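how would this look folded up:
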Amino acid sequence: MPKVIDHDQRRREIVEVAKRLIAEGGFEAATMRSIVTAAGFANGALKHYFAGKDGIIAATFESVLEETAQRMSELDQDLGPVDSLHGFVEAAMPLDAERITSARVLLVLWGHSVANADLATQYRQLLTLWRAELTRRIAAAWDCGEDADGPAVGVLADEIISVTIGANVTSLMHPVGALVDRYTAYIDELMARVSG
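Below you'll find the model as predicted:
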């Protein structure tokens with residue numbers, strides 16, 4: 001009987017290898033040859049799972065974004081509005097080695113998306129969804145009667161997105177975890193502003 005291959009699992013393995021190579025050596029390190037070698041596949045085996053490097057890169061980008069979204073979605077179980085917002089912001093900040101590695105991969109992929117319209121569209125869509133979710137959570141946590149479409153809520157959501165992206169970039173220039181206290185202090189101050 002022929003061996004049954006889980007193609008989805010193989011795709012996930014290839015994406016994990018690509019993530020690791022990008023995190024360690026940048027976009028140039030994730031060549032088709034290096035991915036095949038690191039994944040332990042035979043030459044040409046990747047063609048069964050991805051049409052080319054752009055397909056692997058797109059899947060890698062999507063995987064990192066999904067990991068962040070997953071961390072954020074796990075926060076709503078029995079939390080009040082302020083705690084829900086706190087967890088949502090914290091999930092996007094580079095507060096541990098895993099999130100810092102994700103930031104390293106995203107930074108490389110952001111650079112690549114400048115010249116890749118599909119990746120740029122994918123990232124813009126994520127930012128739109130992220131902002132909508134932030135405004136919803138801010139409006140719920142902010143006890144001032146402003147709805148999610150209000151200008152003050154939108155300004156705060158834009159601040160959080162900008163700070164989070166900046167924190168992810170800045171974290172890559174320092175030893176892992178060196179800025180966690182600074183980022184935690186920002187989150188605490190933000191929550192004080194929202195709930196005060």
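
report all helices and strands that the longest helix seen in the chain contacts.
Identified as the longest helix of the chain according to DSSP state H is helix 117-141. With contacts defined as 3 or more C-beta pairs under 8 Å, 6 or more residues apart in numbering; DSSP states H and E, the packing partners of helix 117-141 are helix 53-73, helix 81-92, helix 97-113, helix 151-171, helix 180-195. All C-beta spots, glycine's among them, are computed from the backbone N, C-alpha and C.

now these as a markdown table including mean pLDDT, distance to Thr31 and mean neighbour count?
Compiled in a markdown table, these are given as follows (pLDDT from 0 to 100; distance: least, C-beta to C-beta, whole Å; neighbours: other C-beta atoms under 10 Å):
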| stretch | mean pLDDT | distance to Thr31 | mean neighbour count |
| --- | --- | --- | --- |
| helix 53-73 | 81 | 7 | 18 |
| helix 81-92 | 89 | 30 | 20 |
| helix 97-113 | 84 | 14 | 19 |
| helix 151-171 | 93 | 25 | 17 |
| helix 180-195 | 92 | 33 | 14 |
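
follow-up on the earlier one: next, the buried residues of the longest helix of the chain.
Across helix 117-141, burial judged by 16 or more other C-beta atoms under 10 Å covers 119, 122-123, 126, 130, 133-141.

distance to Gly52 and pLDDT added to the residues you listed, as TSV?
Listed next are these as TSV, based on distance: C-beta to C-beta, whole Å; pLDDT from 0 to 100:
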residue	distance to Gly52	pLDDT
Leu119	14	82
Gln122	17	82
Tyr123	20	82
Leu126	23	83
Trp130	29	87
Glu133	33	90
Leu134	35	91
Thr135	38	93
Arg136	38	91
Arg137	39	90
Ile138	41	92
Ala139	43	92
Ala140	44	90
Ala141	44	89
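
adding distance to Tyr183, write those residues out as a markdown table.
Formatted as a markdown table, the buried residues of helix 117-141 follow (distance: C-beta to C-beta, whole Å):
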| residue | distance to Tyr183 |
| --- | --- |
| Leu119 | 26 |
| Gln122 | 26 |
| Tyr123 | 22 |
| Leu126 | 21 |
| Trp130 | 17 |
| Glu133 | 20 |
| Leu134 | 17 |
| Thr135 | 22 |
| Arg136 | 23 |
| Arg137 | 18 |
| Ile138 | 19 |
| Ala139 | 24 |
| Ala140 | 23 |
| Ala141 | 19 |
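
tell me the one of those residues nearest Asp96?
Trp130 (19.7 Å; C-beta to C-beta).

surely the closest one is in contact with Ile161?
Yes - counting by C-beta atoms under 8 Å, Ile161 is a contact partner of Trp130 at 6.6 Å.

who's in contact with Thr60?
Thr60 makes contact with 15, 18-19, 22, 30, 105, 109 under the criterion C-beta atoms under 8 Å, 6 or more residues apart in numbering.

Pro175: neighbour count?
Residues contacting Pro175 under the criterion other C-beta atoms under 10 Å number 8.
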